[in-house]
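Colleague: Dropping the sequence and predicted coords here.
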Amino acid sequence: MHRALPVLAVLAVLTAIWYLGAWRMNTPWALAQAERAGVELSAGELFTETMWQERPRLPAPHQVAAELWKTTGEMALRGRAFSKRSLIYHGAITLGATLTGFALGVALGILGAVAITYSRVAEMSLMPWAIVSQTIPIVALAPMIIVLSNAVGIEGRTVPKAIISAYLCYFPVLVGMVKGLNSPSASQLDLLKTYNASGRDSFFKLRLPASMPYLFTSLKVAIAAALVGTIVGELPTGAISGLGARILIGDQFGTPLAIWAALFAAAILAGVLVTVIGGVQALVLKRMGMAR
């Protein structure tokens with residue numbers, strides 16, 4: 001409870017600001033509608049009108065919560081959790097591509113980190129390009145990946161989305177693992193040499209265990225980046241399924257509530273994924289005797 005109070009306090013402040021913003025942004029439309037109807041609204045009536053518009057400029061928090069429940073919990077209770085109108089279905093589509101890209105990005109990041117740690121040539125050649133790659137806007141890169149995928153005969157949208165996801169998530173893992181693999185001190189490495197330990201022993205018994213806290217920290221960043229990459233990848237692919245597709249469709253049909261519900265579904269999904277990695281981190285570090 002002591003840890004939750006600061007979070008709840010910040011949440012309360014943000015919610016109040018959100019309600020104030022919804023009232024301010026939705027007021028012109030409410031006044032215009034009242035003027036057309038020849039009705040004069042009191043302050044209370046005006047506030048009510050701004051909080052329950054069908055297509056508000058900025059939906060109120062309770063409207064987003066209602067739309068989120070309508071497209072998740074209510075659909076699940078009706079036995080239509082995986083209906084194409086359900087955010088659970090679209091979240092599952094996005095999750096599949098996210099996990100695929102995450103696995104690919106983590107593998108590339110770890111392999112690159114090992115190469116950089118053990119090879120000066122790899123460090124001088126790979127690291128600068130890895131840094132430069134992160135300066136390219138993913139919005140500009142995503143259509144290129146999709147076009148190239150189609151050119152080489154890759155059908156479907158899962159592979160391009162996974163590649164975009166991997167592109168965003170490999171860099172945090174690369175940087176974190178390079179830091180972690182190089183975290184053992186010179187005296188620790190010298191001690192292994194006195195034991196006549198091989199390079200393989202040095203890696204598996206010292207460098208890799210020492211890198212675990214850095215790896216899990218990087219994985220938390222990487223999984224969130226992978227989810228963002230998947231959603232961004234769904235926008236230019238013309239996808240009809242996935243949270244990114246729901247955002248795009250909501251924008252095309254002018255339904256802000258659908259957009260905000262999909263955004264919050266993505267945020268909740270990201271929170272769940274980060275929490276899962278945090279749980280695995282606690283178990284692994286405790287097993288290794290490194291838990292705080």
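Modeller: Sure thing, it's come through.
Colleague: show me where the stretch 51-200 of the chain has helices.
Modeller: Taking DSSP state H, counting those that start in this stretch as the criterion, the stretch 51-200 of the chain contains helices spanning 61-70, 73-77, 87-118, 120-133, 138-151, 158-181, 186-194, 199-202.
Colleague: mean pLDDT lowest for which of these?
Modeller: Note on the helices of the stretch 51-200 of the chain: helix 138-151 shows the lowest mean pLDDT, a mean of 79.
Colleague: so what secondary structure elements neighbour that helix?
Modeller: helix 158-181, helix 208-234 (3 or more C-beta pairs under 8 Å, 6 or more residues apart in numbering; DSSP states H and E). Glycine gets a C-beta too; all of them are placed from N, C-alpha and C.
Colleague: packing partners for the last one?
Modeller: Of the remaining helices and strands, those touching helix 208-234 by 3+ C-beta pairs under 8 Å, 6+ apart are helix 87-118, helix 138-151, helix 158-181, helix 243-252, helix 256-287.
Colleague: can you list the helices of the stretch 51-200 of the chain in JSON lines and add mean neighbour count and distance to P28?
Modeller: Formatted as JSON lines, the helices of the stretch 51-200 of the chain follow (neighbours: other C-beta atoms under 10 Å; distance: least, C-beta to C-beta, whole Å):
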{"stretch": "helix 61-70", "mean neighbour count": "17", "distance to P28": "18"}
{"stretch": "helix 73-77", "mean neighbour count": "14", "distance to P28": "32"}
{"stretch": "helix 87-118", "mean neighbour count": "21", "distance to P28": "30"}
{"stretch": "helix 120-133", "mean neighbour count": "12", "distance to P28": "44"}
{"stretch": "helix 138-151", "mean neighbour count": "14", "distance to P28": "31"}
{"stretch": "helix 158-181", "mean neighbour count": "24", "distance to P28": "38"}
{"stretch": "helix 186-194", "mean neighbour count": "11", "distance to P28": "66"}
{"stretch": "helix 199-202", "mean neighbour count": "12", "distance to P28": "67"}
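Colleague: end to end, how far does stretch 71-79 reach?
Modeller: Stretch 71-79 stretches 12 Å from its first residue to its last (C-alpha to C-alpha, to the nearest Å).
Colleague: ok now that stretch, how far from the chain's centre?
Modeller: Computed by C-alpha atoms, centre = their mean, to the nearest Å, the chain-centroid distance of stretch 71-79 equals 24 Å.
Colleague: Please list the residues outside it that contact it.
Modeller: 81, 83, 85-88, 261, 265 (C-beta atoms under 8 Å, 6 or more residues apart in numbering).
Colleague: Pull out the buried members of these.
Modeller: 86-88, 261, 265 (16 or more other C-beta atoms under 10 Å).
Colleague: Closest one to A162 out of the residues you listed, please.
Modeller: Of all the buried ones among the contacts of stretch 71-79, A162 sits closest to A265, with 19.8 Å by C-beta to C-beta.
Colleague: How much space separates that closest one from P59?
Modeller: Taking C-beta to C-beta, to the nearest Å as the measure, A265 falls 14 Å from P59.
Colleague: center of the chain - which residue?
Modeller: A224 (3.0 Å; C-alpha atoms, centre = their mean).
Colleague: OK, contacts around that residue?
Modeller: So A224 contacts 270, 273-274 (C-beta under 8 Å, 6+ apart).
Colleague: pLDDT at it, what is it?
Modeller: Reported pLDDT for A224: 94.
Colleague: quick one on the thing from earlier: nearest to A34, of the helices and strands packed on helix 208-234?
Modeller: helix 256-287 (20.8 Å).
Colleague: now for that closest one, which elements pack on it?
Modeller: Counting by 3+ C-beta pairs under 8 Å, 6+ apart, helix 256-287 packs on helix 61-70, helix 87-118, helix 208-234, helix 243-252.
Colleague: now it: how far from the chain's centre is it?
Modeller: 8 Å.
Colleague: How about stretch 279-292?
Modeller: 24 Å.
Colleague: contacts for that stretch?
Modeller: For stretch 279-292, using C-beta under 8 Å, 6+ apart, the contacting residues are 209, 212-213, 216, 219.
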